[in-house]
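1. Coordinates for the following, if possible.
(2 chains)
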Amino acid sequence: MTTTQESSVAVEMITVVIDGFEVSVPKGTLVIRAAEKLGIQIPRFCDHPLLDPVGACRQCLVDVEINGRAFPKPQASCTIPVEPNMIVKTQLTSPVADKAQKGVMELLLGNHPLDCPVCDKGGECPLQNQAMSNGRADARLDGYKRTFEKPINISSSVLLDRERCVLCARCTRFSAQIASDPFITLNERGALQQVGIYENDPFKSYFSGNTVQICPVGALTGASYRFRARPFDLVSTPSACEHCASGCDMRTDVRRGKTLRRLAGDDPSVNEEWNCDKGRWAFKYVTSVDRLTQPLVRNSQGELVAASWPEALAAAAAGLKGKRAAVLTGGRVTTEDAYGYSKFARVALGTNDIDYRARVTSDEERDFLTTHVVGSSTTYRDIDAADHVALVAFEPEEESPIVFLRLNKNFKKRGLKVSAVATKGSIAMDKLKAEFIKVAPGAEASAVASLPLTAKSVILVGERASESAGLFSAVVALASKTGAKIAYIPRRAGERGALEAGALGTVLPGGRPVSDASARVDIAAAWGVDSLPAQPGRTASQIIEALASDQLDAVVVGGVDAHDLPHGREAIAALKNSFVVSLEIAPSSVTAVADVVLPVAAVTEKSGSFLNWEGRPRAFDSAVADSHNRSDVRILSMLADALGEPIALGTVTASAREFNQLGSWDGARTSFTPAAQGSTPSISANEAILTSWRRLLDMGTLQRGEDNLAGTRRPTVAVISSQRAASIGAQTGDQVRVSNAHGSITIPVLVEDIHEDAVWIPRNSFASQALVALDAVHGDVVTVVKA
Amino acid sequence: MSKLTPVLSAHWDQPDSFTIEAYTRNGGYTASKKALAMDPDAVIQLVKDSGLRGRGGAGFPTGMKWGFIPQGDNKDHYLVVNADESEPGTCKDMPLLMANPHVLVEGCIIACHAIRAKHAFIYIRGEVTHVARRVNAAIADAYKAGHLGNGIDLTLHIGAGAYICGEETALLDSLEGFRGQPRLRPPFPAIAGLYARPTVVNNVESISAVPAIINKGAEWYQSMGTEKSKGATLYSLSGHVNNPGQFEAPLGITLREILELAGGIRHGHKLKFWTPGGSSTPLFTDAHLDIPLDYEGVSAAGSMLGTKALQIFDETTCVVRAVLRWTEFYKHESCGKCTPCREGTWWLVQILRDLENGTGTEADLEKLLDLCDNIMGRSFCALGDGATSPITSSIKYFRDEYIAHVTNGACPFDPVKSTLFAGAVN
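-> The predicted structure follows:
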């Protein structure tokens, strides 16, 4: 309620009478919304609070008079803002409005098929529900109904039953207004009007699933959910999305222990009511056939064989006891699990050798994280208030789609200025009409320095800044020069939580510097141990090197794919050379070389929380009630017991409680040491500097088994400039070969707006896995020729 | 013939009336010269004083509409001429443009000057290729003669054949390249019309009336017509009359007088029903022959002056059949945006078809009227309202004829008898 009080100071309030009750609402509020404040539900279909009014369905007709003058006919309450001295009579007090609504409902049902018994929406359908509450009891229209072929695919993920459609235009308005993907429109006219796609051009939007969710009838259905369940058979659990750091509120619907669908939750401060298709439709990995279900131990013949938990824990403890061991956690574990790893490393293994960054990293980045990201609090609201947003090494639509939606909202509503320092243009930059500051890969830092920001600006810097030496330093310098806020947006959902939990070699939980003795005393006291290791830990790359060179003997790995690391083949060799305990949900490049594999719970099977890029906790409960799988922290706690160095975190709740009680560090912070800017390599004729990033929908392991979703991936292409295209004699669509000493990738080329020294390829898409094939992602010289 | 007041149609009998030479010979392009020398506000005031009201159907005062355009707002303003004449029975703008396109061009120049627009668009329906060619030729000639291109440009846009694009906001959407569907108002076109800029949308006839007003003055124009409906207008007479066509007469003339001018109902027959302003205005019968055909007179008698499209039907016509045909038109032309019109016309046609076939029931009549009540005033734009007018008015005046279809089990009329070739058959 505090927000209402705050806003009432600035916003003019208008009092109207609805059905005899007075209500005061801010000027500009629509009548339908003012009625909601009184608990008066006016039936509606086309109305949606986050979309522009359209007044198409005419279901929300009410009688209105202003200053004693009545409108001659009922008015659509979803299009009329309140005015002083307005008296509204809804269906509850006006027989005219009631008849009008019943009349519209009868017409909507007239051409609607009676297939509710087999319709996905049946049981949660606004048409069904409102037909009961605001419709006639009997049907009078007994002629022939409009029929269409059903269903038709408007993309591989979305099906359309045109005869069920009430033509409310929610889907088309969402696509045009919110996602800026106007790939569906209303075609034809009269009763034959229908939602359609452009010829041969499907609904390939990253946000298409939202249209299924806001469809007020069963016209749009998700291909993966269609006919799978009745809504009343589902058990719904509020949850959080595990796919990226946007932090979407979600709802997970489970039927008999199996997740059948996930929906966007409603959180106005984060995702509003939207999410992306990956968050909505990538969950089958949890129930995939190759899920690890029991512990595995490598036997004397070198084979992984099933073992009991006591056996496996004993084998793991035996391999770790007294050894020089480190911890690698991916960016996908929950905050509670990350806290478990953090404590396990320090207490059970006696080391600060822990890194959650399973990707290309730099020491400069770790310095930046510990000095500028831990405990920071730039939020979505800062984007809402910004005068200028700079995107640095960050492609919002691909790498944090809800951040894109928020940028897009601000661009559309108030013309937010967006600048992007990037090697290549992008669809998102086009949609945002972003100023494209084109740089060669590696030259980002100098371009950042001259951005004309102010104290009201926000710099959104992505994790890929670690791939361009000096870029984080340039961002820090720019922020201190202009007063602009920095927001660091990693890709993975667990990264910020892992940082705050101290799963990094230089920080302890709550952002306490390892180098600070009093910080170490602080944590040691809380943990009931005598002391904590004082030596700052190794980074992920240093851990791999140390394993390879036998300076480390063992490693505990949780949720890491070695192919995400630079020099993946060497990393796998290093792991093979060491004692590896792997906590995983499914077989991976790490379990393949592990000595002990301990199965853990996937997100829907456990409770926990993530911190999104803002640092905002996104807590969730286990959606699957009867899973036997346990969260990492529970297993680490058992392993610590087996090692005789207990961490006493037997449950997720215990971990959360202990972590939260530690609070944030209020002592001195370490200071940031600027790193030198790298130089861009010189290139000759057929050479180019590689640049790449991941697409939202790609070969990611959490998207396995989602064939429908895969159908809406953006195509795999190598992007080159028109100058380069001319020089190698290639046109869009021709095959080109991008190669270096490690290997090559041959894919179709797209001639587009990109720095002429650069070639872009998707980092982890079908036929283009840059790290695996080229062992390079950004700033390295490759050869580009026509294949 | 004294009741006719030919202004727009004064020279239609000249074989070359559509050429710039004829138009100039007859005094054309003197009004624009005069108006361009006037203060724009004075032009608006003159049009206001003349009492000219929109001839597209709604009868909104033209000068007042021009006055709504915000001045000094440093925005582009646009004039859009609605030449999407598609209402069944309405046939005044197309003959006007065929016979005298330059009067519209000159009207556009004057209106643009008044509302400070640099660019005018004529939106013409796509089916009338011959008219579009003639208007295009007139525009080209006006450019050559220097009337256009000196600060005022005029573009002809050819629609794709949708009745809804005659609705001004749907017209603007269509003109912008979108599907023609009516826009939510507010904002009204005067504030955010074409390309979200202040825009005046006027009917062909309204704009074409302006040059004469400039030349002859407001008082002259006021001297014609009735107290609140000033001036002369084109009445389009069609159907069972001996001499159909366009009759330019002062507002307030009666159908009885026009029928006299048109040689009466076809011989041997008598008037049964008629539309005062096109098919979307409630029907009149022979009881309404002396209603003054001005905005107030027609409205007081329960209909609308509309486009002054007088469709005349004699006693050989089955009113149920006529109404069904119109309703089929509305079903075909419903844009689909709002439920009442889109779905309602779909069901109205089915019920009317049953009634015309004789397979309907008396209860269907009540259902029909109740459906009309749920469409009228509930739809997004006036198209839905218009679709119900012929139904409700025909049941009001000819309920017995509907009942006769039911009791007869078939239509009691021989449709051939209502045709023009009735005598040739048999």
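2. Can you pull out the low-pLDDT segments for the chain?
-> No chain was given, so I picked chain A. Residue ranges of chain A with pLDDT under 70: A:1-9.
3. Not quite, go with chain B.
-> Using pLDDT under 70, chain B drops low at B:1-2, B:425-426.
4. Chain A contacts on chain B?
-> Within chain B, the positions near chain A by Cβ under 8 Å from any Cβ of the partner chain are B:162, B:164, B:179, B:184, B:331-340, B:342-347, B:350-351, B:354, B:367, B:370-371, B:373-375, B:377-380. Just so you know, the C-beta spots here come from the backbone N, C-alpha and C atoms, and that holds for glycine as well.
5. Mind doing that once more with 6 Å?
-> Neighbours of chain A within chain B, by Cβ under 6 Å from any Cβ of the partner chain: B:184, B:334-340, B:342-344, B:346-347, B:350, B:367, B:374, B:377-378.
6. What does B:Val200 show for phi and psi?
-> Phi and psi for B:Val200, reported as degrees, to the nearest 10, are phi -100, psi 130.
7. What of A:Gly528?
-> Dihedral angles of A:Gly528 (phi, psi; degrees, to the nearest 10) stand at phi 70, psi 30.
8. Now do the same contact list for it.
-> For A:Gly528, the contact set (Cβ atoms under 6 Å, 6 or more residues apart in numbering or on different chains) is empty.
9. mind listing which of the residues of chain B next to chain A are in helices?
-> B:339-340, B:342-344, B:346-347, B:350, B:367, B:374 (DSSP state H).
10. of those, buried ones?
-> Buried members of these, scored by 16 or more other Cβ atoms under 10 Å in any protein chain shown, are B:339-340, B:342-344, B:346-347, B:350, B:367, B:374.
11. Going by distance to chain A, which of those wins?
-> Proximity of those to chain A (Cβ to the nearest Cβ) peaks at B:Asn374, which lies at 2.7 Å.
12. Show me where the stretch 251-400 of chain B has its strands.
-> With strands called from DSSP state E, counting those that start in this stretch, the stretch 251-400 of chain B shows them at B:271-275, B:284-285, B:309-314.
13. let me redo that: the stretch 601-750 of chain A
-> A:608-611, A:617-620, A:687-693, A:718-720, A:735-739, A:744-751.
14. that older thread, how about the buried ones among the ones in helices among the residues of chain B next to chain A, which pair is most distant?
-> Across these, no pair lies farther apart than B:Arg342 and B:Lys367, at 18.3 Å, counting by Cβ to Cβ.
15. How many residues are close by A:Val235?
-> The criterion is other Cβ atoms under 10 Å in any protein chain shown. On that basis, A:Val235 has 13 neighbouring residues.
16. ditto for B:Asn82
-> Counted with other Cβ under 10 Å, the neighbours of B:Asn82 add up to 27.
17. swap in A:Tyr198?
-> By other Cβ under 10 Å, the residues close to A:Tyr198 number 12.
18. For it, which non-adjacent residue is closest in space?
-> Counting by Cβ to Cβ, 6 or more residues apart in numbering or on different chains, A:Tyr198 lies nearest to A:Phe183, which is 6.9 Å off, once chain neighbours are set aside.
19. returning to what we had before: with respect to burial, which of the strands of the stretch 251-400 of chain B scores highest?
-> Comparing those by mean neighbour count (mean count of other Cβ atoms under 10 Å in any protein chain shown), strand B:271-275 ranks first with a mean of 26.
20. Give the partner strands of that one in its sheet and their orientations.
-> Note on strand B:271-275: by DSSP bridges, its sheet partners are strand B:284-285 (antiparallel), strand B:309-314 (antiparallel).
21. Which of those sits closest to B:Gln222?
-> Using Cβ to Cβ and comparing the strands paired with strand B:271-275, the one that lies nearest B:Gln222 is strand B:309-314, at 24.5 Å.
22. who wins for proximity to chain B among the strands of the stretch 601-750 of chain A?
-> Chain B lies closest to strand A:744-751 among the strands of the stretch 601-750 of chain A, at 27.6 Å (Cβ to the nearest Cβ).
23. how many degrees apart are whichever helix or strand comes after the closest one and strand A:735-739 in direction?
-> Once the chain leaves strand A:744-751, the next helix or strand it forms, by DSSP states H and E, is strand A:758-762. Using axes from the mean of the first three to the mean of the last three Cα atoms, to 10 degrees, one finds that strand A:758-762 and strand A:735-739 are set 100 degrees apart in direction.
24. Could I get the phi/psi values of A:Leu453?
-> The phi/psi pair for A:Leu453 (degrees, to the nearest 10) is phi -90, psi 170.
25. Run a quick neighbour tally on it.
-> Per other Cβ under 10 Å, the neighbour tally for A:Leu453 reads 22.
26. Centre-most residue in chain A?
-> Computing the C-alpha centroid of chain A and ranking residues by Cα atoms, centre = their mean puts A:Cys244 first, at 3.3 Å.
27. Report the separation between that one and A:Leu697.
-> 12 Å (Cβ to Cβ, to the nearest Å).
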